[in-house]
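1. Return a 3D structure for these sequence lines:
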Amino acid sequence: MKMQDTAIASLESASLGTDMNRIHPEPWLRGTLQSTHPFLAPVLYSLQQAVEDCLAFTDGLTDEETWARPHGVAPVGFHLRHIAGSVERLLTYALGGSLNSGQLEALKHELDSGEPLKDLLAGLQQSLDGAANAIRAMDTARLAESRKVGRKELPATVIGLLVHIAEHTQRHVGQAIVTAKMVRGMNQAGRTDERPA
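-> Take a look at the predicted model:
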């Protein structure tokens, strides 16, 4: 079952506005994930929460608003693209791989504006669904194994990378939510004072 199914059902059944918790509890409060190791479940809950929050808090944003930079902050579009890319990159390391040229090239273009919101959300969902499937398939006996991260080959472990996937994702979801609220607030006030970063 895709992570987006719960989010889409919620979106179709109610007008979420900006508070999803009024509709149902957060993913970690909906019961245990069947056949999922308890060390992996929190990461999956985090990815599910990210999908739901990104769908809810970007609902109604125009493509122009998605790339707006109020007060010079990074746009919502950047955060959506960065979450998708960073999850894939960090998971590559967790699985014992190295980044390929496509991943490195995509990293250079995360701030490039113009991609429609619907495409950004589709890319986010595809990335997080793929990550969730890979995480579910992990051998939990290998969570303490060492991994090397980045060009400097900094030391990490599989579980350390998974925890970082969860916390890093939530950090950028929060930034996307705040930016979306700023854009909406400025538009409601009739202001357009955007500065380049």
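2. Only C-alpha atoms from now on, for both contacts and neighbour counts.
-> Noted.
3. What distance do you get for the closest residue to Ala41 other than its chain neighbours to Thr169?
-> Excluding its sequence neighbours, the residue lying closest to Ala41 (C-alpha to C-alpha, 6 or more residues apart in numbering) is Leu33, at 6.7 Å. Separation of Leu33 from Thr169 (C-alpha to C-alpha, to the nearest Å): 20 Å.
4. These two: which is more packed in?
-> It is Thr169, of Leu33 and Thr169, that has more neighbours when counted by other C-alpha atoms under 10 Å, with 24 against 15.
5. That one contacts Leu80, correct?
-> No. In this structure, Thr169 is not within contact of Leu80 by C-alpha atoms under 8 Å, at 9.6 Å.
6. tell me the average confidence for the helix or strand hosting Leu47?
-> Assigned by DSSP states H and E, Leu47 belongs to helix 41-58. In this model, helix 41-58 has a mean pLDDT of 95.
7. Would you tell me what the next helix or strand after that helix is?
-> helix 63-66.
8. hey, where'd the strands end up in this structure?
-> Listed in chain order, the strands of the chain (DSSP state E) span 146-149, 154-157.
9. Next, the buried residues of the last one.
-> Put plainly, it is strand 154-157. The neighbour-count check on strand 154-157 (16 or more other C-alpha atoms under 10 Å) flags 156-157 as buried.
10. partners of that strand in the sheet?
-> strand 146-149 (antiparallel) (DSSP bridges).
11. Using CSV, write out every CA atom in the strand it pairs with.
-> The C-alpha trace of strand 146-149 is given here as CSV (Å, rounded to 0.1, in the frame of the first residue of the first chain):
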residue,chain,number,x,y,z
SER,A,146,29.2,1.0,9.1
ARG,A,147,28.6,3.2,6.1
LYS,A,148,30.6,6.0,4.4
VAL,A,149,28.9,9.2,3.5
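12. which residues touch it?
-> By C-alpha atoms under 8 Å, 6 or more residues apart in numbering, the residues outside strand 146-149 that reach it are 93-94, 96, 154-158.
13. quick one: contacts for the residue nearest to the spatial centre of the chain?
-> Among the residues of the chain, the one closest to the centroid is Ile83, at 4.0 Å (C-alpha atoms, centre = their mean). Going by C-alpha under 8 Å, 6+ apart, Ile83 touches 124, 168-169, 172-173.
14. what about 10 Å?
-> By C-alpha atoms under 10 Å, 6 or more residues apart in numbering, Ile83 lies in contact with 47, 50, 89, 110, 123-124, 127-128, 165, 168-173.
15. From those, pick the one nearest Asn187.
-> Ranked by distance to Asn187 (C-alpha to C-alpha), the contacts of Ile83 are led by Val173 at 21.1 Å.
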